[in-house]
Structures are given as structure tokens and as C-alpha cells.
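>>> This is the structure alone, sequence omitted:
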């Protein structure tokens with residue numbers, strides 16, 4: 001577009017159009033209404049949510065399945081403040097969300113006016129880049145910068161706009177930002193990594209989110225197959241390598257695959273590909289310390305700040321996972337030409353998977369009248385169609401999903417990751433469904449997390465015709481926290497019980513969605529298949545067992561201790577000797 005006269009609102013909207021934005025999530029507000037008025041004519045769909053946090057999660061979900069920056073927008077003050085937690089989730093997920101946050105007009109800044117808040121400091125640690133528009137005629141320039149930095153830094157950005165700067169006249173040129181391309185890393189490091197991998201006795205690839213987000217699956221498979229290297233999914237990135245592959249052993253981390261943990265424990269060289277090696281994903285699980293302390297670790301990531309941050313690594317390589325995998329394979333082929341498959345290693349992978357599958361099956365075949373959560377998850381995973389996208393929340397049963405969810409391709413597992421904020425899944429699932437309308441999209445949430453966001457956002461899905469399938473684990477408790485109170489606080493339950501929960505299936509029907517209530521595990525698969533065929537939002541209320549017998553291990557045994565009370569009035573609360 002040539003230089004033209006336009007208003008700042010037009011400059012903002014045209015910049016979004018140039019960046020390929022087709023959907024914006026938010027709640028209508030006066031602060032940005034001049035720009036909002038242009039959306040329909042610009043071809044931008046405004047999706048009105050029930051709460052701003054869900055708007056940001058939806059933009060996050062859409063960004064993750066498309067790989068492109070997506071936008072959420074809010075009224076100044078309280079609306080913008082509601083973005084903060086969700087933007088932090090996007091930050092940990094390296095998701096390119098652009099949050100547009102109008103603020104108090106310039107003349108009123110500092111006067112304590114209606115909905116006034118200094119919004120920039122709130123987002124400072126939750127975004128890769130934040131900028132305040134300081135002149136109306138810089139609107140397109142700084143908006144463009146926000147989009148560029150979202151791509152360059154692989155994470156969320158904030159564009160803060162005084163509400164009076166949407167008005168007036170400016171002369172501007174609209175054009176898109178450049179794509180950010182990254183290479184395979186320094187060739188000296190690629191060559192050294194190739195030597196380590198080629199000489200390894202038991203190489204293991206830890207496929208992280210960078211494999212999924214970087215569309216590096218083809219290259220990762222080729223590398224794994226040439227080396228006959230088992231592949232482990234990093235924590236809550238179950239889509240980073242296909243579950244059905246002969247070298248796949250599943251995910252490590254909380255409630256993950258014992259096959260994966262036993263396999264990586266054998267490694268003498270670990271290639272952490274597109275992985276920040278987050279500490280929560282490498283903590284002991286199932287009473288097993290599985291991280292191979294003596295293994296040489298090659299860490300590859302596009303973010304130099306995470307290289308070696310959580311553990312010592314032999315090599316920290318700043319590179320694109322896709323490009324690195326191709327380059328290091330070429331080098332390995334020169335070192336070891338015509339390398340044949342390692343039959344012993346393939347047999348070892350098959351044996352570990354068989355052993356874990358048998359154990360998981362034993363855990364998951366309860367015939368109790370009230371469903372065991374693992375029985376539900378088994379039936380659910382068997383009924384989900386191939387190619388489904390699954391957004392998972394945080395919580396006890398949601399985390400058990402880590403043992404059951406299996407994917408065939410990248411960008412299919414959309415999780416709350418290490419930020420772990422309850423209420424993530426439903427909003428994210430809406431964004432995923434908009435980005436991939438032909439794929440079945442599930443949101444898996446416990447009853448506590450569903451009450452935070454899913455319950456109200458069903459109204460959004462109905463109004464906006466977004467046929468997401470929610471599965472609510474109705475066990476009438478905050479399970480993860482209840483487990484802590486069982487193990488450390490002698491079954492003194494404070495705030496953990498949710499006995500008066502309503503029927504979420506009935507509430508869904510009242511809101512215009514399809515509701516199913518299931519208590520019998522034999523009905524789960526049929527209900528899931530019916531839900532997939534529905535052309536409307538669906539809520540499956542799955543009533544499951546709760547309490548000590550079925551809850552998984554605590555998230556953080558490392559962060560809790562048995563209570564000690566000194567004051568006389570609290571001494572009866574001391575841990576009892578066993």
C-alpha cells in the first residue's frame with residue numbers, strides 16, 4: 001500500500017489485515033470502539049467472550065495451531081488486567097499472542113480517572129515485548145513492531161494505546177512484517193553434536209515443543225530413524241512425536257509414561273530438541289529418578305536464554321529445530337555412512353512400551369460403579385478420532401491425561417504447561433477450533449477449573465457457533481490440592497471439597513449447547529462419538545470417583561513438608577508419628 005492519509009484506527013486495523021489477522025477475541029469496550037467499528041469492513045471477525053482471560057487463551061490456542069500471531073483486545077483498566085494470567089501462559093508456551101490494551105486518554109493519565117491503571121508494568125514479565133503508542137502517527141509502526149517481535153521472540157507482545165490516540169489524521173504506509181528465519185546453528189556446533197550422537201551407545205531424543213511449533217517432525221523422524229534413537233516427548237508436549245512410531249516411548253514428567261522414563265534413564269547422550277528442559281518436567285516420578293545424570297546433553301532451542309539454564313549441558317545450540325535436525329543428520333551420515341537400524345534398541349523400545357502398556361491397562365480397567373478417573377481416560381482416549389486436537393487444563397485428572405493422550409501429528413496437544421493456570425483449556429479450545437474447523441477439538445477440565453472459565457464460555461461457543469467438546473471431570477473436589485491435604489495435613493480439608501456443584505450437562509443445555517451426563521464407563525465411547533457428530537458445542541459431564549484411592553501423586557512433593565506447629569492452640573495439628 002502506498003502512503004495514504006488515514007486515521008490511527010484505520011492504520012491499526014490495516015496493519016492487522018496486512019499481518020493476516022482474521023479473528024480478534026475480546027469484550028466490547030468504549031476505549032477501542034473506533035477501531036472495532038472497522039472490523040467487519042476489514043474482514044476481521046470479532047469474537048465476543050464472557051471473560052477477557054478466555055479471549056487471550058483463545059488467541060493463544062489459535063496461534064498454537066496455526067503458527068501465526070493472533071490478537072486479543074480489551075477495555076482499558078480491568079479488562080486489560082484480566083489478560084495478565086493468560087498472557088503469562090502464552091509466554092511459557094512461546095505462543096505469538098498480540099494483546100492490544102487501550103488505556104486512559106493522555107490528558108487523564110495520573111489523575112485517577114475512571115478505569116485508570118498503569119498497564120505496562122503489569123505485563124512487563126509476561127510478554128517478550130511491550131510498547132506504548134506515544135504518538136497517533138506511530139500507530140502502524142508500533143503495531144507492526146508488536147507483530148514482528150511476537151514472531152522474532154516466539155512469544156506474546158503488548159501494544160498499549162492511549163484511548164484518544166485512535167482519533168485524528170495521519171499519513172502512513174501499510175506493509176507486513178518479514179518472517180523470521182533461523183538457521184541450523186553454528187556449523188562447528190553442528191559438527192560436534194554429530195560426533196557425540198554418532199558415537200553414542202544409547203542416544204535418546206527428547207522432542208520438545210519446538211519440534212511441534214517449528215514443524216520439525218519430518219526431520220526429527222529422519223534423524224531418529226537413522227540413529228535408531230528412541231524418542232521421548234517433553235512434558236505436556238505429547239504431540240512432538242507420533243505415538244505410533246516404532247521409536248516412540250511417550251512423555252516424561254508428571255503422570256507420564258514409565259516407558260519414556262526408563263528409556264531416557266539409559267541414555268548416554270540426550271538430544272533435547274526444541275526443549276527448554278524445564279525442571280518440573282524432569283523431576284522424579286512414580287518414585288523413579290529417571291533423568292540420566294551422567295548423560296551428555298545437547299540442548300537446541302531458538303531462545304538463547306534457556307540454554308543451560310536449568311541444568312548443565314554439553315552443548316547449548318541456538319538454532320531452529322527443523323534446520324538443526326536436517327543439518328546434524330547430514331553430518332552424521334558423513335561420519336557413519338549407511339548406518340543400519342539397531343535391532344536391539346528397537347526391541348528394547350518395544351519391550352518398554354509393552355511393559356508400560358500392560359501396567360497402564362491394569363490401572364485403567366476398574367469396573368467400579370462410579371468411574372475411576374483412569375477408566376474414564378482410557379475409554380475417552382479410545383474414542384477420540386485420529387487427528388483430534390486436545391486442550392488440557394491443570395489439575396489431578398487433567399494431569400493423568402499425560403498417560404493416555406496419543407497423537408499422530410504436531411499442533412494437536414494444547415496444554416497449560418508450566419504456568420499451570422486453572423481455566424486454560426476451554427478458551428484455548430475455542431481458538432483451536434476456529435483455526436482447525438474440520439478437526440474435532442476437545443477441552444479437558446476438572447470441575448474446579450471448568451467453573452473458572454469453561455462454564456461461562458459455553459455461552460460464547462453457542463453464540464459464536466464454535467462446536468468445542470468439553471469433558472468435565474466431575475469429582476466434586478479440587479483433586480490436586482486435596483491430595484496434598486491427605487498426604488501432609490491428616491485429611492483436614494479446607495476449600496478442597498466442591499460438594500454442591502450443579503449438573504454441568506443441564507447447565508450446558510440451558511445455554512443452548514448439547515449436554516451429556518455419564519456415570520457408566522461402558523457408555524463413554526458411544527457418547528464421545530455422538531459428541532463428535534454434533535454440530536453444536538457439547539459438554540460431557542463425566543462423574544468420576546474422587547478421594548484418596550484414585551488421586552495421583554502430588555504435583556510437588558519437593559515443595560511440601562510435614563507441618564510443624566509450636567503455638568499451643570495449633571499443636572494438635574502437628575503431623576502424627578507413624
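It's in. As the structure is a computational prediction, the values presented were derived from the model and not from experiment.
>>> Centre of the chain to the strand or helix carrying residue 100, how far?
Residue 100 is part of strand 97-103, with elements assigned from DSSP states H and E. Remark: strand 97-103 is offset 20 Å from the chain centroid, using CA atoms, centre = their mean, to the nearest Å.
>>> Show me what the residue nearest the centre of the chain is bridged to.
Centroid check for the chain by CA atoms, centre = their mean gives residue 415 as the closest residue, at 3.1 Å. Note on residue 415: beta-bridge partners by DSSP bridges are residue 392.
>>> how close does it sit to residue 60?
Using CB to CB, to the nearest Å, we find residue 415 at a distance of 11 Å from residue 60. For every residue, glycine as well, the C-beta is placed using N, CA and C.
>>> Could you do residue 241 as well?
Distance check for residue 241 against residue 60: by CB to CB, it reads 22 Å.
>>> and residue 471, how far is that from residue 386?
18 Å.
>>> so how far is the worst-scoring helix or strand of the chain on mean pLDDT off the chain centroid?
In the chain, no helix or strand scores lower on mean pLDDT, DSSP states H and E than helix 479-488, which sits at a mean of 88. Here the centre of helix 479-488 is set off from its chain's centre by 25 Å, with CA atoms, centre = their mean.
>>> So what touches that helix?
Residues outside helix 479-488 that contact it (CB atoms under 8 Å, 6 or more residues apart in numbering): 394-397, 399, 446, 448, 491-497, 546-548, 551-555, 560-563, 575.
>>> Of residue 471 and residue 386, which one has the most company?
residue 471 (31 against 11; other CB atoms under 10 Å).
>>> What confidence value was assigned to residue 419?
pLDDT, residue 419: 90.
>>> I should have written residue 556 there, sorry.
For residue 556, the pLDDT comes out at 68.
>>> Name the residues of stretch 314-332 that are buried.
315-329, 331-332 (16 or more other CB atoms under 10 Å).
>>> Oops, could you answer that again for stretch 99-109 instead?
99, 100, 101, 102, 103, 104, 105, 108.
>>> And for the closest residue in space to residue 468 that isn't next to it in sequence, the neighbour number?
Spatially, and ignoring its direct neighbours in sequence, residue 468 is nearest to residue 429 (4.6 Å; CB to CB, 6 or more residues apart in numbering). Burial of residue 429 is recorded as 32 neighbouring residues (other CB under 10 Å).
>>> For residue 429, which three-state class applies?
Here residue 429 is recorded as helix under DSSP: H, G, I helix; E, B strand; the rest coil.
>>> Listing request: residues of the protein with sub-threshold pLDDT.
Applying pLDDT under 70 to the chain flags the ranges 1, 556-557, 577-578.
>>> In it, where's the longest helix?
helix 343-363 (DSSP state H).
>>> Could you check the angle the helix or strand just after that one makes with helix 479-488?
Next along the chain after helix 343-363, taking DSSP H and E as the criterion, comes helix 373-383. If you take axes from the mean of the first three to the mean of the last three CA atoms, to 10 degrees, helix 373-383 sits at 150 degrees to helix 479-488.
>>> ranges for the strands of the stretch 451-578 of the chain?
Taking DSSP state E, counting those that start in this stretch, the strands of the stretch 451-578 of the chain run over residues 469-474, 514-518, 538-543.
>>> wait, which of the ones you listed is closest to residue 368?
strand 538-543 (11.7 Å; CB to CB).
>>> How about residues contacting the closest one?
Residues contacting strand 538-543 (CB under 8 Å, 6+ apart): 370-371, 376, 380, 454, 458, 467-475, 503-505, 507-508, 513-519, 524, 527-528, 531.
>>> For residue 162, give me the backbone phi and psi.
Main-chain torsions, residue 162, degrees, to the nearest 10: phi -60, psi 140.
>>> try residue 23
phi -140, psi 140.
>>> ok, back up a step: format the strands of the stretch 451-578 of the chain as a markdown table; extra columns: distance to residue 197.
As requested, those are exported to a markdown table (distance: least, CB to CB, whole Å):
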| stretch | distance to residue 197 |
| --- | --- |
| strand 469-474 | 40 |
| strand 514-518 | 47 |
| strand 538-543 | 44 |
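>>> Contacts only, for residue 212.
When contacts are counted by CB under 8 Å, 6+ apart, residue 212 is found next to 237, 239, 240, 274, 410, 411, 413.
>>> Test my guess that residue 405 contacts residue 413.
Yes - contact status for residue 405 versus residue 413: in contact at 6.2 Å, counting by CB atoms under 8 Å.
>>> shared neighbours of those two, anything?
238, 390, 392.
>>> Return the member of those residues nearest to residue 42.
Proximity of the shared contacts of residue 405 and residue 413 to residue 42 (CB to CB) peaks at residue 390, which lies at 32.5 Å.
>>> Quickly find the element holding the closest one.
strand 389-392.
>>> Now do residue 554: how many residues are near it, please.
19.
>>> ok, back up a step: next, the angle from the least confident helix or strand of the chain to strand 469-474.
30 degrees.
>>> which of the strands of the stretch 451-578 of the chain is buried the deepest?
Greatest average neighbour count among the strands of the stretch 451-578 of the chain goes to strand 469-474 (a mean of 29), per mean count of other CB atoms under 10 Å.
>>> packing partners for that one?
helix 373-383, strand 441-446, helix 447-449, helix 504-510, helix 524-533, strand 538-543 (3 or more CB pairs under 8 Å, 6 or more residues apart in numbering; DSSP states H and E).
>>> What is the third one packed up against?
For helix 447-449, the helices and strands in contact under the criterion 3+ CB pairs under 8 Å, 6+ apart are strand 469-474.
>>> Can you pull out the residues in contact with the strand it packs on?
So strand 469-474 is contacted by 373, 376, 380, 395, 397-398, 426, 429, 440-447, 450, 454, 458, 501, 504, 508, 528, 531-532, 534, 537-544 (CB under 8 Å, 6+ apart).
>>> Show me which of those residues are buried.
Neighbour-count burial (16+ other CB under 10 Å) applied to the contacts of strand 469-474 gives 373, 376, 380, 395, 397-398, 426, 429, 440-447, 450, 454, 458, 501, 504, 508, 528, 531-532, 537-544.
>>> Would you indicate which residues of the least confident helix or strand of the chain are buried?
Buried residues in helix 479-488, counted by 16+ other CB under 10 Å: 479, 480, 481, 482, 483, 484, 485, 486, 487.
>>> about what we covered before: for residue 86, which of the helices and strands packed on strand 469-474 is the nearest?
helix 447-449 (13.5 Å).
>>> quick one: that closest one to chain centroid distance?
17 Å.
>>> who touches residue 130 in this structure?
With CB under 8 Å, 6+ apart, residue 130 has these contacts: 120, 123, 124, 157, 158, 159, 160.
>>> among these, which two are most distant?
Between any two of the contacts of residue 130 (CB to CB), the greatest distance is 14.2 Å, for 124 and 159.
>>> Neighbour count for the two, which is higher?
More neighbours surround residue 159 than the other of residue 124 and residue 159, with 27 against 9 (other CB under 10 Å).
>>> Which strand or helix spans the residue nearest to the more buried one when sequence neighbours are not counted?
Once flanking residues are discounted, residue 159 sits nearest to residue 146: 4.4 Å by CB to CB, 6+ apart. Taking DSSP H and E as the definition, residue 146 sits inside helix 139-152.
>>> Thank you, goodbye.
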